[in-house]
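>>> With the sequence up front, the predicted model follows.
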Amino acid sequence: MIISIASGKGGTGKTTVATNLAISVEGPVQLLDCDVEEPNAHLFLKPAIEETKTVTTPVPDIDLDKCNQCKKCMEMCRFKAIAVVGDTVLTFPELCHSCGGCMAVCPEGAITETGRELGVLETGAVNGVSFAHGRLRVGEAMAPPLIREVRDCTWDDGLTLIDAPPGTSCPVIAAMKDTDFVLLVTEPTPFGLHDLKLAVEAVKILKIPMGLVINRADMGDDTVTAYARAEGLPILMEIPFDRQIAESYSRGDMFALAMPEWKARFRELVGQIETLTGKGAGAK
Ligand SMILES: Nc1ncnc2c1ncn2[C@@H]1O[C@H](COP(=O)(O)OP(=O)(O)OP(=O)(O)O)[C@@H](O)[C@H]1O
Ligand code: SF4
Ligand code: SF4
């Protein structure tokens, strides 16, 4: 089973939930940190990184000796990543979405593919938890292809936890797509509710079953609870604001280690998701 841990809003406690879930579940579990712009699950899990791979995306390379300046490539590219200016062809690799369209339409075979570096994929393990994350190159905007590389590490069986990026844009969709369940971590505040609504609409489009974890549950009002009820969204866990949780985080620890009663609650959470999806997590 693949569970995405997502949130419309940053800082709600996604990584806290994902990492504590990973260490609480018994049985085969992997955590894929798809927040490639700012991966931080490794700071808590501290996996031994066993393999590092550079991830590239194909972009066009023009052979001007073959080009007849017909402009078909430029007309094809909806991202304005290629422009014919006089007798030369300019490419803007950082705008290219690697669709291959320009290469397909070039009548002269003047376009080949070359790799543009996006970042690195690092894989490893710790205490029985398999781990992978992507690190996007500084200044790079094209996160989805790197996220897809991290997602390609998904096991065939056992439990896979995806720590998704915050928000509701393309990177989040790339992280959540084709997962079995989305756990939306939210907080009971007006900002939390606003961003939760956006996230719920995105997950509805993907047609993935979802449920909520309300974090800092004792700190706001009951509008998130009322919204969940109206939408028929199950509230699967409530975590209070707790100084010990914040202190564990700032030490780079997972709070379920210091408060083992939470391990049982996280296991129950997976059990509830198994019931809702009718899928087994492969966990004991
Ligand atoms: N229940 C809680 N009680 C006290 N502090 C908490 C609680 N949950 C999270 N925090 C604090 O909130 C901050 C953000 O947590 P976390 O990094 O897990 O959020 P996130 O949603 O993963 O953030 P990002 O958007 O950066 O991915 C941390 O400083 C953490 O200590
Ligand atoms: S591969 Fe696609 S996005 Fe990139 S330059 Fe060619 S047409 Fe544009
Ligand atoms: S489609 Fe090919 S031949 Fe035409 S301008 Fe582009 S690179 Fe040149």
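Great, that's in hand. Ligands and ions are numbered 1, 2, ... in the order given.
>>> Show me the residue at the heart of this protein, geometrically.
The structure's the chain has its C-alpha centroid closest to Ala164; by Cα atoms, centre = their mean the separation is 2.8 Å.
>>> pretty sure that residue contacts Met176?
Yes - Ala164 lies in contact with Met176 (Cβ atoms under 8 Å); the separation is 5.7 Å. Quick note: C-beta positions are derived from backbone N, CA and C, even for glycine.
>>> what do the two both touch?
4, 6 (Cβ atoms under 8 Å, 6 or more residues apart in numbering).
>>> need the residues of the protein near ligand 2, please.
60, 76-77, 79, 81-82, 96-102 (Cβ under 6 Å from any ligand atom).
>>> and the closest residue to ligand 3 within the stretch 101-250 of the chain, how many neighbours?
Using Cβ to the nearest ligand atom, Cys106 is the residue of the stretch 101-250 of the chain that sits closest to ligand 3, at 3.3 Å. By other Cβ atoms under 10 Å, the residues close to Cys106 number 22.
>>> which SS class is Gln30?
When classified by DSSP: H, G, I helix; E, B strand; the rest coil, Gln30 comes out as strand.
>>> In contact with the residue lying closest to it once chain neighbours are set aside, which residues are there?
Here the nearest residue to Gln30 in space, its sequence neighbours aside, is Ser130; by Cβ to Cβ, 6 or more residues apart in numbering that works out to 3.8 Å. Neighbour list for Ser130: 28-31, 123, 155 [criterion: Cβ under 8 Å, 6+ apart].
>>> I'd assumed Ser130 was in a strand, is it?
Yes - judged by three-state DSSP, Ser130 forms part of a strand.
>>> which residues does it bridge with?
Following DSSP bridges, Ser130 is listed with bridge partners Gln30, Ala125.
>>> where exactly do the strands run in the protein?
2-6, 29-33, 48-62, 82-85, 88-91, 111-126, 129-136, 159-163, 181-186, 210-215, 235-239 (DSSP state E).
>>> in stretch 259-270, what's buried?
Neighbour-count burial for stretch 259-270 flags 262-263, 265-267, 269-270 (criterion: 16 or more other Cβ atoms under 10 Å).
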